[in-house]
Every structure is written in structure tokens, then in C-alpha cells.
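1. sequence-free structure coming up:
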């Protein structure tokens, strides 16, 4: 799945209980895999939706003293002005876009597909949704940021996703990706797409993790955008 020489295992799939008419592609955070998150969907999944949880390739991560771990792209630092490896992030986004193409070939309309991601996976989800030429149903970013902000337009994007629905969620006690990063991200997102379609929810006392209320908000967002079809 990855164009770099660090291969990743095949995605974990949570199949739909009925005929598949929609897909959620979930990207995990740094050092994680898709397995645990696949289990977390049990309480919120809908019977017509297939969940695809790909696993990031293993690579050295500068932020963690070049320790080798699952990572969608190298992270040099976690601050709004940290240096970013543009080519690697763009390559990671292209690899995720392949998953959209595969589902379209399987008969799923691209506007019945949602990206969802946590932390680094949320960052890649946002960037991929804003740069793909396929019309998406929406994107969910959890405890994350928007990478390569300076390479994106200063005004609204002109692509098929200029009216995409975005749900961004963040804990107000996050020590790794501070709430300020989430706030800066949502401000930027509202300049790129129709701002009325951008929702930012914060959760009191939540750290760099998830909570029951967040999962319920995510379910409501998904159910609204991906209702069953006759």
C-alpha cells in the first residue's frame, strides 16, 4: 500500500452486517495499528457500513529519536511552526487515495465514503480529503492538526470537496497535541471549505484519547452523512 520501501500489512476490515452501501476509512495514530480501533467501532457501527482500518508502514520517527514504529509519515516536531517533510506527507496521502479507488471499483460511490482519523491519522485524513479529486461524504479529525497548511490555498479550495462536511474533535487537556492546535486547524479549515459545514467539538478533561461522548458525536455525524439506502 505504501510507495516507500516500508511495507504495511493489509488493512483490518470490519465488514457490514448487510449489503455494503457506505465505507468509513479510519487512520490510527502514531505507533498504533488499526486493530484496536476496529474493536472500538463495535458500539457505534451501522449495519450497512464497512470500516477499513489500514495499518501505517513502519519507519524511523524523528520526533521519537528516530525510533522505528508504525507511522504514516515522519514527524519532526509537534508545534505549529515545526518543519514538515512535504514529499513524504503527500506520498502518504496518495497511498490512502488508492483505498478510495479500490472501494469505487467495488461499487461504492466516493460520496458514500468518510475519512476518519486519530492524531497523526486525523492529520492525514484531513489533508487527503482536501486534496483528493474524488468527492467525499465527509472527514472526521480526532485530536489532530492540519499538515502542510502553507502548501494549501490561502482562500477556498476549488476542488469537488469545497463543501465537504468536517467534524473535528479535541480534548481540552491534551498534552501531546494541545487544544490550541485544534483551534488553529479549524480556523484554517473554515477558510478552505464552506465554513457552515465545519464543526468543532471539545471535551472537558479529555487528554490525547477518546471518550464516550466523542464516540457518540462521531456516530451521529456518520449516520447523518451515510444513511441507509433502499
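-> Now that the structure is in, tell me what you want to look at. Because the structure is predicted, anything quoted here is derived from the model rather than measured.

2. quick one: residues contacting the residue in the chain sticking out farthest from the centre.
-> Within the chain, residue 230 marks the point farthest from the mean C-alpha position, 28.0 Å out by C-alpha atoms, centre = their mean. Under the criterion of C-beta atoms under 8 Å, 6 or more residues apart in numbering, residue 230 has no contact partners. C-beta: built from backbone N, CA, C; applies to glycine.

3. pull out the buried positions in the least confident helix or strand in the chain by mean pLDDT.
-> Lowest by mean pLDDT, DSSP states H and E among the helices and strands of the chain is helix 34-40, with a mean of 77. Using 16 or more other C-beta atoms under 10 Å as the test for burial, helix 34-40 gives 34, 37-38, 40.

4. what strand or helix carries residue 136?
-> Secondary structure assignment for residue 136, by DSSP states H and E: no helix or strand.

5. state the distance from it to residue 125.
-> 10 Å (C-beta to C-beta, to the nearest Å).

6. what's the closest non-adjacent residue to residue 139?
-> residue 129 (3.9 Å; C-beta to C-beta, 6 or more residues apart in numbering).

7. roughly how far does residue 89 sit from residue 26?
-> For residue 89, the distance to residue 26 (C-beta to C-beta) stands at 18 Å.

8. looking at the two, which has the bigger crowd around it?
-> residue 26 (26 against 21; other C-beta atoms under 10 Å).

9. what's next to stretch 99-113, contact-wise?
-> Counting by C-beta under 8 Å, 6+ apart, 1, 11, 20-25, 52, 54, 132, 134-137, 226 sit against stretch 99-113.

10. pLDDT of that stretch, averaged?
-> For stretch 99-113, mean pLDDT is 96.

11. any idea how far that stretch is from the chain center?
-> Its chain's average C-alpha position is 16 Å from that of stretch 99-113, according to C-alpha atoms, centre = their mean, to the nearest Å.

12. and the end-to-end length of that stretch?
-> Stretch 99-113 has an end-to-end distance of 10 Å (criterion: C-alpha to C-alpha, to the nearest Å).

13. could you check how far the closest residue to residue 151 other than its chain neighbours is from residue 116?
-> Leaving aside its sequence neighbours, residue 151 sits nearest to residue 86 (C-beta to C-beta, 6+ apart; 6.4 Å). In this view, residue 86 and residue 116 are 24 Å apart by C-beta to C-beta.

14. give me the more crowded residue out of the two.
-> Each of residue 86 and residue 116 has its neighbours counted (other C-beta under 10 Å); residue 116 has more, 24 against 13.

15. I figured the more buried one hits residue 136, correct?
-> No. Using C-beta atoms under 8 Å, residue 116 makes no contact with residue 136, being 11.1 Å away.

16. strands of the chain, residue ranges please.
-> 12-14, 22-27, 49-53, 58-61, 67-70, 113-118, 138-142, 165-171, 198-203 (DSSP state E).
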